[in-house]
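Enquirer: 3D, please:
(4 chains)
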Protein chains: 2
Amino acid sequence: MTSYKDKKVISIGIVSELTGLSLRKIRYYEERGLLSPGRTERGGRKYSFADVDTLMTIAERREEGVQTAEIKQELIKERKKKESVRNEMIKGQLNAHFNIRK
Amino acid sequence: MTSYKDKKVISIGIVSELTGLSLRKIRYYEERGLLSPGRTERGGRKYSFADVDTLMTIAERREEGVQTAEIKQELIKERKKKESVRNEMIKGQLNAHFNIRK
DNA sequence: CGTGTAAGGAATTCTGACACG
DNA sequence: CGTGTAAGGAATTCTGACACG
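Expert: Numbers count the residues shown, from 1 in each chain, chains lettered A, B, ... in the order given. You can find the predicted model right below:
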């Protein structure tokens, strides 16, 4: 659930190398609400691998000329979809569990 | 194979928070050859989650009074074991593959 | 042997702002 | 709207060394 992929531990410089995006862009996408990195005690941004993936997606969409507001909506939908897939899986497991003992 | 767990992306400060070890200790265990972090262009150390796990193991063993030289040997053995487990798995899959088509 | 610490320097990151468009 | 950049400051990290034991 909270695996390595979701731990916020990567500094913005490394994220920049990983994604090829400038620091400015990375901070800007946060400002527009497309992602929310964690923070160290003194304000340093900390990203997860999931955040890095999100940034790669953002980069692709931006290259296609899509505006950040639009991308933001897409990301929200994407997250809701994953959410419901998770819920379906749990539902399925519950059913399997009860069917077996019936 | 090279999953999130093995990507060297975490700076030493974060590793210190994650493990509870001082910067001095983390650097010293490297000096003794117990782990090898990556480096950024200008010399900054970069650790993986696997390195963090290794450091936790080191911390435990040190608390038990084990010396770094000893711990180093244990870590090497540990890695060889994992290596051979990987090889066995591949062997098993090859066998399964050929048995099916026979 | 293992770890702390002070030292000086270099590189990182932060924020708010101005620029262009 | 999205991104670059110069600005000043604060926090991070690096190495080599001395200390204690």
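
Enquirer: In three-state terms, label the closest residue to A:Val66 other than its chain neighbours for me.
Expert: In space, and not counting its chain neighbours, A:Val66 is closest to A:Glu74: 8.0 Å by Cβ to Cβ, 6 or more residues apart in numbering or on different chains. (Each C-beta comes from the backbone N, C-alpha and C, glycine too.) Three-state call for A:Glu74 (DSSP: H, G, I helix; E, B strand; the rest coil): helix.

Enquirer: Please work out how many residues are found near A:Asp51.
Expert: 26 (other Cβ atoms under 10 Å in any protein chain shown).

Enquirer: hang on, I meant A:Thr19
Expert: Neighbour tally, A:Thr19, other Cβ under 10 Å: 19.

Enquirer: How about A:Leu23?
Expert: The number of residues near A:Leu23, taken as other Cβ under 10 Å, comes to 12.

Enquirer: tell me the contacts of it?
Expert: Residues in contact with A:Leu23 (Cβ atoms under 8 Å, 6 or more residues apart in numbering or on different chains) are A:Ile12, A:Gly13, A:Ser16.

Enquirer: correct me, but the first one touches A:Val52?
Expert: So that's A:Ile12. No. At 11.0 Å, A:Ile12 and A:Val52 do not qualify as touching, with contact defined as Cβ atoms under 8 Å.

Enquirer: So for those two, which residue has more residues nearby?
Expert: Neighbours per residue, other Cβ under 10 Å: of A:Ile12 and A:Val52, the larger number sits with A:Val52, 22 against 17.

Enquirer: residue contacts, that one?
Expert: A:Ile10, A:Val15, A:Leu18, A:Thr19.

Enquirer: Repeat that for A:Ile58.
Expert: A:Tyr29, A:Leu34, A:Leu35, A:Thr68, A:Ile71, A:Leu75.

Enquirer: switch the cut-off to 10 Å
Expert: With contacts defined as Cβ atoms under 10 Å, 6 or more residues apart in numbering or on different chains, A:Ile58 is in contact with A:19, A:21, A:25-26, A:29, A:32, A:34-35, A:66, A:68, A:71-72, A:74-75.

Enquirer: need the residues of chain A near DNA strand D, please.
Expert: Neighbours of DNA strand D within chain A, by Cβ under 7 Å from any atom of the strand: A:22, A:24-25, A:28-29, A:32, A:40-42, A:44, A:62, A:67-69.
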